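**Student:** Fold the following and give me the result.
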Amino acid sequence: MTTAKGIARRTGVKKGLIKVSKNGPYLISGGIPLVEQIINIDAEGYPRGWRPGIKYPKKEAYSLCRCGRSKGKPFCDGTHTGSNFRGSETARREPYLEQAERIDGPTLTLTDVPDLCAVAGFCERAGGIWDLTRQSRKPTARKYAIEEAWDCPSGRLVVWERETGKIIEPKFERSIGVTRDPRNGKLGPIWARGGIPIESADGVIYEIRNRVTLCSCGRSRNKPFCDGSHP
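**Tutor:** Numbering: from 1, shown residues only. Purely as a prediction, here's the structure:
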(Lines give C-alpha, C1' and ligand atoms only; values in the text may rest on other atoms or scores of the structure.)
Protein backbone atom coordinates (compact mmCIF):
# COMPACT_ATOMS: atom_id res chain seq x y z
CA MET A 1 0.00 0.00 0.00
CA THR A 2 1.26 3.48 -0.90
CA THR A 3 1.81 5.69 2.14
CA ALA A 4 2.47 9.36 2.75
CA LYS A 5 6.05 8.56 3.78
CA GLY A 6 6.47 6.45 0.65
CA ILE A 7 5.32 9.33 -1.53
CA ALA A 8 7.79 11.63 0.24
CA ARG A 9 10.66 9.21 -0.42
CA ARG A 10 9.65 8.59 -4.04
CA THR A 11 9.20 12.21 -5.06
CA GLY A 12 11.86 13.85 -2.93
CA VAL A 13 9.41 16.76 -2.65
CA LYS A 14 10.71 19.61 -0.52
CA LYS A 15 7.91 22.15 -0.95
CA GLY A 16 4.97 19.80 -0.55
CA LEU A 17 2.64 17.55 -2.50
CA ILE A 18 -0.88 16.21 -2.03
CA LYS A 19 -1.30 12.78 -3.61
CA VAL A 20 -4.81 11.42 -4.09
CA SER A 21 -4.55 7.70 -3.43
CA LYS A 22 -6.86 5.28 -5.20
CA ASN A 23 -9.94 4.77 -3.00
CA GLY A 24 -7.87 5.93 -0.05
CA PRO A 25 -6.66 9.04 1.76
CA TYR A 26 -4.78 12.13 0.69
CA LEU A 27 -1.07 11.47 1.14
CA ILE A 28 0.72 14.64 2.20
CA SER A 29 4.47 14.97 1.80
CA GLY A 30 7.00 17.76 2.07
CA GLY A 31 6.23 18.90 5.62
CA ILE A 32 3.17 21.04 4.79
CA PRO A 33 1.80 22.73 7.96
CA LEU A 34 -1.70 21.65 9.04
CA VAL A 35 -3.91 24.11 10.94
CA GLU A 36 -7.62 24.16 11.75
CA GLN A 37 -9.34 27.13 10.08
CA ILE A 38 -12.63 28.30 11.59
CA ILE A 39 -15.17 30.51 9.84
CA ASN A 40 -15.89 33.79 11.62
CA ILE A 41 -19.55 34.80 11.78
CA ASP A 42 -20.33 38.54 11.93
CA ALA A 43 -23.03 40.29 13.96
CA GLU A 44 -25.54 39.85 11.14
CA GLY A 45 -24.93 36.12 10.92
CA TYR A 46 -22.83 36.16 7.74
CA PRO A 47 -19.48 34.39 7.34
CA ARG A 48 -16.72 36.98 7.32
CA GLY A 49 -13.09 35.97 7.53
CA TRP A 50 -11.27 33.08 9.15
CA ARG A 51 -9.49 32.44 12.42
CA PRO A 52 -6.98 29.71 13.24
CA GLY A 53 -7.86 26.89 15.61
CA ILE A 54 -5.82 23.80 16.43
CA LYS A 55 -2.28 23.85 15.10
CA TYR A 56 -1.29 20.25 14.50
CA PRO A 57 2.28 19.09 15.17
CA LYS A 58 4.37 19.45 12.06
CA LYS A 59 5.16 16.21 10.24
CA GLU A 60 7.11 15.53 7.09
CA ALA A 61 4.37 13.20 5.86
CA TYR A 62 0.82 12.35 6.94
CA SER A 63 -2.47 11.04 5.57
CA LEU A 64 -5.81 12.86 5.63
CA CYS A 65 -9.21 11.16 5.55
CA ARG A 66 -11.00 11.23 2.20
CA CYS A 67 -13.89 8.84 2.88
CA GLY A 68 -15.41 10.79 5.78
CA ARG A 69 -15.52 7.79 8.12
CA SER A 70 -12.28 7.99 10.07
CA LYS A 71 -12.64 8.13 13.83
CA GLY A 72 -9.42 10.13 13.99
CA LYS A 73 -10.31 12.99 11.64
CA PRO A 74 -8.77 14.83 9.99
CA PHE A 75 -6.31 11.96 9.77
CA CYS A 76 -6.92 8.63 8.04
CA ASP A 77 -7.31 5.64 10.36
CA GLY A 78 -7.69 3.02 7.63
CA THR A 79 -11.48 2.79 7.86
CA HIS A 80 -11.80 3.15 4.09
CA THR A 81 -10.32 -0.30 3.57
CA GLY A 82 -13.33 -2.02 5.13
CA SER A 83 -16.05 0.41 4.07
CA ASN A 84 -16.06 -0.17 0.31
CA PHE A 85 -15.17 3.49 -0.26
CA ARG A 86 -15.00 4.42 -3.93
CA GLY A 87 -13.10 7.64 -4.45
CA SER A 88 -13.00 7.82 -8.24
CA GLU A 89 -11.94 11.26 -9.41
CA THR A 90 -14.54 12.95 -11.60
CA ALA A 91 -13.37 16.57 -11.68
CA ARG A 92 -12.74 18.17 -15.05
CA ARG A 93 -9.07 18.74 -15.79
CA GLU A 94 -9.34 21.82 -17.97
CA PRO A 95 -7.77 24.96 -16.46
CA TYR A 96 -9.97 27.05 -14.20
CA LEU A 97 -10.44 29.86 -16.72
CA GLU A 98 -11.66 27.46 -19.40
CA GLN A 99 -14.48 26.41 -17.05
CA ALA A 100 -15.30 29.83 -15.61
CA GLU A 101 -18.32 32.04 -16.09
CA ARG A 102 -17.40 35.73 -16.30
CA ILE A 103 -19.13 38.80 -14.91
CA ASP A 104 -17.79 42.23 -15.84
CA GLY A 105 -18.35 45.20 -13.57
CA PRO A 106 -17.07 48.75 -14.02
CA THR A 107 -13.75 48.17 -12.17
CA LEU A 108 -13.74 44.44 -11.40
CA THR A 109 -14.23 41.23 -13.32
CA LEU A 110 -15.45 38.15 -11.47
CA THR A 111 -14.80 34.60 -12.64
CA ASP A 112 -16.92 31.82 -11.21
CA VAL A 113 -16.85 28.00 -11.45
CA PRO A 114 -19.96 26.82 -9.56
CA ASP A 115 -18.83 23.16 -9.59
CA LEU A 116 -16.10 24.15 -7.10
CA CYS A 117 -18.49 25.64 -4.53
CA ALA A 118 -17.74 24.55 -0.95
CA VAL A 119 -20.84 26.37 0.44
CA ALA A 120 -18.79 28.38 2.95
CA GLY A 121 -21.22 31.27 2.41
CA PHE A 122 -18.81 34.22 2.25
CA CYS A 123 -20.24 35.33 -1.09
CA GLU A 124 -23.70 36.22 0.32
CA ARG A 125 -22.87 39.25 2.44
CA ALA A 126 -23.93 42.79 1.43
CA GLY A 127 -26.08 41.63 -1.45
CA GLY A 128 -23.69 39.01 -2.80
CA ILE A 129 -20.45 39.12 -4.74
CA TRP A 130 -22.15 39.08 -8.14
CA ASP A 131 -24.09 42.31 -7.54
CA LEU A 132 -21.12 43.83 -5.73
CA THR A 133 -18.96 43.21 -8.81
CA ARG A 134 -21.57 44.91 -11.00
CA GLN A 135 -21.50 47.88 -8.60
CA SER A 136 -17.70 47.93 -8.21
CA ARG A 137 -17.37 51.58 -9.17
CA LYS A 138 -18.57 52.23 -5.62
CA PRO A 139 -15.58 51.91 -3.25
CA THR A 140 -17.54 49.98 -0.61
CA ALA A 141 -18.97 47.50 -3.14
CA ARG A 142 -15.51 46.96 -4.63
CA LYS A 143 -14.00 46.41 -1.17
CA TYR A 144 -16.65 43.87 -0.20
CA ALA A 145 -16.40 42.01 -3.51
CA ILE A 146 -12.65 41.57 -3.05
CA GLU A 147 -13.08 40.49 0.59
CA GLU A 148 -15.69 37.89 -0.32
CA ALA A 149 -13.59 36.45 -3.14
CA TRP A 150 -10.54 36.26 -0.89
CA ASP A 151 -12.46 34.51 1.89
CA CYS A 152 -13.80 31.88 -0.54
CA PRO A 153 -11.63 28.86 0.32
CA SER A 154 -12.34 26.84 -2.81
CA GLY A 155 -11.14 29.33 -5.40
CA ARG A 156 -14.54 29.13 -7.08
CA LEU A 157 -14.67 32.94 -7.06
CA VAL A 158 -11.76 35.05 -8.30
CA VAL A 159 -11.67 38.80 -8.91
CA TRP A 160 -9.57 40.65 -11.48
CA GLU A 161 -8.86 44.28 -12.30
CA ARG A 162 -11.21 45.03 -15.17
CA GLU A 163 -8.87 47.48 -16.91
CA THR A 164 -5.61 45.53 -16.70
CA GLY A 165 -6.81 41.93 -16.33
CA LYS A 166 -4.52 41.54 -13.31
CA ILE A 167 -5.65 38.93 -10.79
CA ILE A 168 -6.40 40.09 -7.24
CA GLU A 169 -5.51 37.22 -4.93
CA PRO A 170 -4.54 36.83 -1.27
CA LYS A 171 -1.02 35.63 -0.57
CA PHE A 172 -0.80 32.31 1.25
CA GLU A 173 2.15 30.37 2.52
CA ARG A 174 1.83 26.72 1.54
CA SER A 175 -0.38 25.17 4.18
CA ILE A 176 -3.42 22.94 4.62
CA GLY A 177 -6.48 24.05 6.56
CA VAL A 178 -8.91 21.72 8.27
CA THR A 179 -12.05 23.84 7.95
CA ARG A 180 -14.74 24.10 10.59
CA ASP A 181 -18.10 25.89 10.45
CA PRO A 182 -19.25 27.08 13.91
CA ARG A 183 -22.85 27.22 12.68
CA ASN A 184 -23.01 23.43 12.83
CA GLY A 185 -19.76 22.61 14.59
CA LYS A 186 -18.74 20.19 11.87
CA LEU A 187 -15.55 19.79 9.92
CA GLY A 188 -15.74 20.84 6.29
CA PRO A 189 -13.45 20.33 3.32
CA ILE A 190 -9.68 20.34 3.33
CA TRP A 191 -8.34 23.74 2.31
CA ALA A 192 -5.10 23.61 0.29
CA ARG A 193 -3.43 27.02 0.13
CA GLY A 194 -0.43 28.60 -1.52
CA GLY A 195 -0.18 26.64 -4.76
CA ILE A 196 0.30 23.10 -3.45
CA PRO A 197 0.55 20.56 -6.30
CA ILE A 198 -2.23 17.95 -6.21
CA GLU A 199 -1.50 14.69 -7.99
CA SER A 200 -4.35 12.43 -9.09
CA ALA A 201 -4.39 8.70 -8.44
CA ASP A 202 -3.35 8.16 -12.06
CA GLY A 203 -0.36 10.48 -11.79
CA VAL A 204 -1.67 13.70 -13.35
CA ILE A 205 -1.01 17.03 -11.63
CA TYR A 206 -4.12 19.18 -11.50
CA GLU A 207 -3.80 22.85 -12.37
CA ILE A 208 -1.80 24.41 -9.54
CA ARG A 209 -3.89 27.12 -7.90
CA ASN A 210 -3.56 29.49 -4.98
CA ARG A 211 -6.50 27.94 -3.12
CA VAL A 212 -8.72 24.90 -3.54
CA THR A 213 -10.88 22.75 -1.29
CA LEU A 214 -10.71 18.97 -1.32
CA CYS A 215 -13.57 16.66 -0.38
CA SER A 216 -13.17 15.10 3.07
CA CYS A 217 -16.60 13.47 3.40
CA GLY A 218 -16.54 11.10 0.40
CA ARG A 219 -19.78 12.51 -1.03
CA SER A 220 -18.58 15.03 -3.62
CA ARG A 221 -19.53 14.39 -7.23
CA ASN A 222 -16.52 16.46 -8.27
CA LYS A 223 -13.74 14.50 -6.54
CA PRO A 224 -11.13 15.21 -5.43
CA PHE A 225 -12.60 18.71 -5.05
CA CYS A 226 -15.42 19.67 -2.69
CA ASP A 227 -18.77 20.44 -4.30
CA GLY A 228 -20.67 21.30 -1.13
CA SER A 229 -22.19 17.84 -0.64
CA HIS A 230 -20.84 17.49 2.92
CA PRO A 231 -23.49 17.27 5.65
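**Student:** Now do the helices in the chain.
**Tutor:** 4-11, 96-99, 129-134, 139-151 (DSSP state H).
**Student:** For the longest one, could you pull out the residues that count as buried?
**Tutor:** So that's helix 139-151. Under the neighbour-count criterion of 16 or more other Cβ atoms under 10 Å, helix 139-151 has 141-142, 144-151 buried. Yep, even glycine has a C-beta here, placed from its N, CA and C like the rest.
**Student:** same deal with the shortest one?
**Tutor:** Along helix 96-99, the positions that meet the burial threshold by neighbour count (16+ other Cβ under 10 Å) are 96, 99.
**Student:** Could you tell me the model confidence score at residue 12?
**Tutor:** pLDDT recorded at residue 12 is 48.
**Student:** Just send the helices of the chain back as JSON lines, with distance to residue 17 too.
**Tutor:** Shown next, in JSON lines, are the helices of the chain (distance: least, Cβ to Cβ, whole Å):
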{"stretch": "helix 4-11", "distance to residue 17": "6"}
{"stretch": "helix 96-99", "distance to residue 17": "20"}
{"stretch": "helix 129-134", "distance to residue 17": "31"}
{"stretch": "helix 139-151", "distance to residue 17": "25"}
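**Student:** Residue ranges of each domain in the chain, please.
**Tutor:** Per the record, the chain has its domains at 4-88+172-214, 96-168, by automatic domain parsing.
**Student:** Can you tell me which of these is nearest to residue 227?
**Tutor:** Smallest distance to residue 227 across the domains of the chain (Cβ to Cβ): 6.2 Å, for domain 96-168.
**Student:** Return the distance of the closest one from the chain's centre.
**Tutor:** Domain 96-168 sits 16 Å away from the centroid of its parent chain (Cα atoms, centre = their mean, to the nearest Å).
**Student:** Could you pull up the residues touching residue 180?
**Tutor:** 36-39, 53, 186-188 (Cβ atoms under 8 Å, 6 or more residues apart in numbering).
**Student:** rerun that using 6 Å as the cut-off
**Tutor:** Residue 180 sits next to 36, 38, 187 when contact means Cβ atoms under 6 Å, 6 or more residues apart in numbering.
**Student:** can you map out the strands along the chain?
**Tutor:** Assigned strands in the chain, in chain order: 17-20, 26-29, 34-41, 47-55, 61-64, 101-104, 108-112, 157-161, 167-168, 175-181, 186-193, 198-199, 211-214 (criterion: DSSP state E).
**Student:** List the buried residues for the third one?
**Tutor:** Of the residues in strand 34-41, those with enough neighbours to count as buried (16+ other Cβ under 10 Å) are 34, 36-39.
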